[in-house]
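Enquirer: Just need the structure, nothing else, for what follows:
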Amino acid sequence: MEKNGNMEAAFQLSTTATSASGSCGVQFVFTDIAGNALTAPIAGLCYISEVSTGLTQDLADTSLAVLTNGALTNIGGAGPSLFTTTAAGLLGMTITAAADNYYVVFVLPSGRLLISTVCTVS
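Expert: Predicted coordinates:
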């Protein structure tokens with residue numbers, strides 16, 4: 001919806017995770033709220049959490065890197081990263097961490113949190 005010349009959009013997220021020893025590859029597909037493919041990239045912040053609510057950030061021995069599609073820039077140690085999807089809303093990343101369950105939490109420009117399904121590092 002257009003408001004004051006700014007696009008206020010709502011997004012959905014689908015996640016495909018591939019677990020491995022010491023890492024987990026994750027592919028994300030962002031769509032609009034109706035499930036339609038995006039036609040322009042979106043950007044925001046993301047971080048890793050060990051809880052499904054995304055209310056805690058896991059800083060200990062975790063790192064994110066681009067796997068395929070999109071861009072990811074770490075903005076401070078093991079803290080949050082800036083992400084940018086492709087125009088089609090695609091983003092791939094690798095989580096490198098100790099064995100545990102992790103969630104990728106996306107903070108969109110609107111402030112809304114999108115939380116991935118679980119990604120298990122074995």
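
Enquirer: Tell me if I'm right that residue 25 and residue 104 touch.
Expert: No. In this structure, residue 25 is not within contact of residue 104 by Cβ atoms under 8 Å, at 11.7 Å. In this view, the C-beta of every residue, glycine as well, is placed from N, C-alpha and C.

Enquirer: hey, what's in contact with both of those two?
Expert: residue 93 (Cβ atoms under 8 Å, 6 or more residues apart in numbering).

Enquirer: Quick check: buried residues in whichever strand or helix holds residue 114?
Expert: Assigned by DSSP states H and E, residue 114 belongs to strand 113-115. Within strand 113-115, the residues that count as buried by 16 or more other Cβ atoms under 10 Å are 114-115.

Enquirer: elements contacting that strand?
Expert: The helices and strands touching strand 113-115, judged by 3 or more Cβ pairs under 8 Å, 6 or more residues apart in numbering; DSSP states H and E, are strand 11-20, strand 100-107.

Enquirer: those strands in the chain, which residues are they?
Expert: All strands of the chain, identified by DSSP state E, fall at 2-3, 6-7, 11-20, 23-32, 43-49, 63-66, 71-74, 81-84, 90-96, 100-107, 113-115, 119-121.
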